[in-house]
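Asker: With the input below, show me the fold.
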Amino acid sequence: MIPLPDLGETPFLAAIGPRDRSWSRVAAMVSGGLALSFIFGLIATFVVMEGLLKVGIDLNSQSTSFHEPTLIRAALYVLELSLALAAAALGALVAARWIFARPIRSWITAAARFRWLQLAQGFGLAFVGVALVSQAVGVFKGGSLVDGAPIFESAEPILRRLVYVLANAAGFLLAAWAEEAVFRGYVLQQAAALTRRPYAALWISGVLFALIHLEFSPWALAARTIIGAAFAWTALRLGGLEFAIGAHLANNLMIALFGAPMLPGASADPGDALGVATETLMAVYLAVCAELIRRRAARRALAATA
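Answerer: Here you go, the predicted model:
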């Protein structure tokens, strides 16, 4: 039997100290952090919505007379939601900075600087992985990955589809950063500080990540918990969130480009056993990719010191 690695040795948890185990500070973070996060998110939402209303666009309108094209409406909605999420995450990190007296960067990466290359690796590897798994699922269901894909909708002008792609890419990058910073940054480290058990913290992060989406179908909760735990694994093994942010971006972008546009008021997908199986497969794939990247970095470091 292959022994599991000691996740406590990761540099990503090295910044944890006595302040992170202070229950009074944790209580202050639960109250003050949530409050500041809500205020930041509310301000961002208000500013974006008011700006759109000034040009006659109401994304919350359910009227059938809404005249903006579906792809444009979806693109604007993704940008609005992502900006709100990013602002809320920033609010939480600002509160954590004050309460725990640590630099915000310590919840993002243990590296000397943000590793954009690793983000690109996470994006590229996850994009390929999701594409292959989605295609396999499509074949299993008697279809194909490109069937009904918004970016291949011939009725939509190419320029409109390009705007849709760019807006979703920018929006989901912000959203991926926000969710990773909160759940694989602050929550993961806080859970590790309190439990002193990185494996338990990994699953706590995954469960809270699933619950925050407010979709309580057992299948949906299981799928999001599994992929959330996988993102946490990559953060612990690689010493930062860069790979997880890229992988998270790829996952969401694939859904938007080949699944269905994200629109306000859309009903949540309850999920199914096949969805849980595919997320499990993706979780294993991402974990393996992270290990390969980690070993390659270790070999390079060893060669540099030889």
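
Asker: tell me which residues in the helix or strand containing Leu71 are buried?
Answerer: Using DSSP states H and E, Leu71 maps to helix 70-100. Residues 70-96, 99-100 are the ones in helix 70-100 that count as buried (16 or more other CB atoms under 10 Å). All C-beta atoms are positioned from the backbone trio N, CA, C, and that covers glycine.

Asker: what does stretch 271-281 give?
Answerer: Gly271, Gly275, Val276, Thr278, Glu279, Leu281.

Asker: Take the residues you listed and keep only those in strands.
Answerer: Among the buried residues of stretch 271-281, no residue falls in strands (DSSP state E).

Asker: Look up how far Ala287 lies from Arg237.
Answerer: From Arg237 across to Ala287, the span is 8 Å (CB to CB, to the nearest Å).

Asker: and what of Arg197?
Answerer: 19 Å.

Asker: for the strand or helix carrying Ala131, packing partners?
Answerer: Using DSSP H and E, the element containing Ala131 is helix 116-140. Packing partners of helix 116-140 (3 or more CB pairs under 8 Å, 6 or more residues apart in numbering; DSSP states H and E): helix 242-258, helix 273-305.

Asker: what packs against the helix or strand containing Gln189?
Answerer: Using DSSP H and E, Gln189 sits in helix 188-195. Helix 188-195 sits against helix 198-211, helix 218-238, with contacts defined as 3+ CB pairs under 8 Å, 6+ apart.

Asker: got TSV for these, with distance to Leu34 too?
Answerer: Formatted as TSV, those follow (distance: least, CB to CB, whole Å):
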stretch	distance to Leu34
helix 198-211	13
helix 218-238	19
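
Asker: what's next to the helix holding Ala131, contact-wise?
Answerer: 144-145, 147, 234, 238, 240, 242-251, 253-254, 258, 274, 278, 281-282, 285-286, 289, 293 (CB atoms under 8 Å, 6 or more residues apart in numbering).

Asker: Now tell me what touches the following helix or strand past it from outside.
Answerer: Per DSSP H and E, the first helix or strand lying C-terminal to helix 116-140 is helix 158-179. Contacts of helix 158-179 with the rest of the structure, by CB under 8 Å, 6+ apart, involve 69, 71-72, 74-76, 78-79, 81-83, 85-86, 88-90, 150-151, 153, 156, 209, 241, 245-246, 248-249, 252-253, 256-257, 261.

Asker: No more questions from me, cheers.
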